[in-house]
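Trainee: Sharing a sequence plus its predicted fold:
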Amino acid sequence: MALSKVKERVTKMKKMILTMVAALTMTTAMAANEPIQGNETNAYELNVNMNKLSETLKLTVGQQYVVEDIMDTFSKDMKKAGEADELNRSALVKEATHKAIKELRYVLDGNQMRTYLRVLNSTMNNRGLNK
């Protein structure tokens, strides 16, 4: 019995580590070749790698299409925020983020949503957009 519990724990740890590696890979892929400074408009341009996001979140085929549409809209909203004046920029980023999260809550299950929020938070921090 003790050996089966150890194997079960090892399996859970492997899953957790693979999830973290996938999340870090996704964050790196989204932030590649982008400046980290929050004042530049390039930080607001999101090029979402849907293959990595689908893999990280373990999306079904149906979810992939819907999430891709949501991410396209989110990317466009973030680009508009980057082009806005500095007074409105923060509010537009917040609005775009909340809109995407609200829409994704209908599509993703609890675990997928938690993983997405971790990836999003890391990306926003890396780009200097969380203030």
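Mentor: Structure's in. What do you need? Computed from a prediction, not measured in an experiment: that's the story for all the values here.

Trainee: Quick one: residues contacting residue 130.
Mentor: For residue 130, the contact set (CB atoms under 8 Å, 6 or more residues apart in numbering) comprises 121, 124. Placement of C-beta: from N, CA and C, glycine included.

Trainee: Hmm, I typed the wrong one, I wanted residue 69.
Mentor: Contact criterion CB under 8 Å, 6+ apart gives no residues in contact with residue 69.

Trainee: for it, helix, strand, or coil?
Mentor: Three-state call for residue 69 (DSSP: H, G, I helix; E, B strand; the rest coil): helix.

Trainee: for the strand or helix carrying residue 113, packing partners?
Mentor: Assigning secondary structure by DSSP states H and E places residue 113 in helix 110-126. Packing contacts for helix 110-126, counted by 3 or more CB pairs under 8 Å, 6 or more residues apart in numbering; DSSP states H and E, involve helix 2-31, helix 50-57, helix 86-107.

Trainee: For residue 122, which of those helices is the nearest?
Mentor: With CB to CB, the closest approach to residue 122 among these belongs to helix 2-31: 4.4 Å.

Trainee: Look up how far residue 79 lies from residue 57.
Mentor: As for residue 57, its distance to residue 79 is 23 Å (criterion: CB to CB, to the nearest Å).

Trainee: Next up, the contacts around residue 57.
Mentor: Counting by CB under 8 Å, 6+ apart, the residues that residue 57 touches are 63, 67, 108, 112, 115-116.

Trainee: redo that, cut-off 7 Å
Mentor: With contact set as CB atoms under 7 Å, 6 or more residues apart in numbering, residue 57 has these partners: 108, 112, 115-116.

Trainee: Columns neighbour count and distance to residue 84 on top of these, output as TSV?
Mentor: Supplementary listing: the contacts of residue 57 in TSV, determined by neighbours: other CB atoms under 10 Å; distance: CB to CB, whole Å:
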residue	neighbour count	distance to residue 84
108	22	28
112	18	31
115	20	30
116	22	25
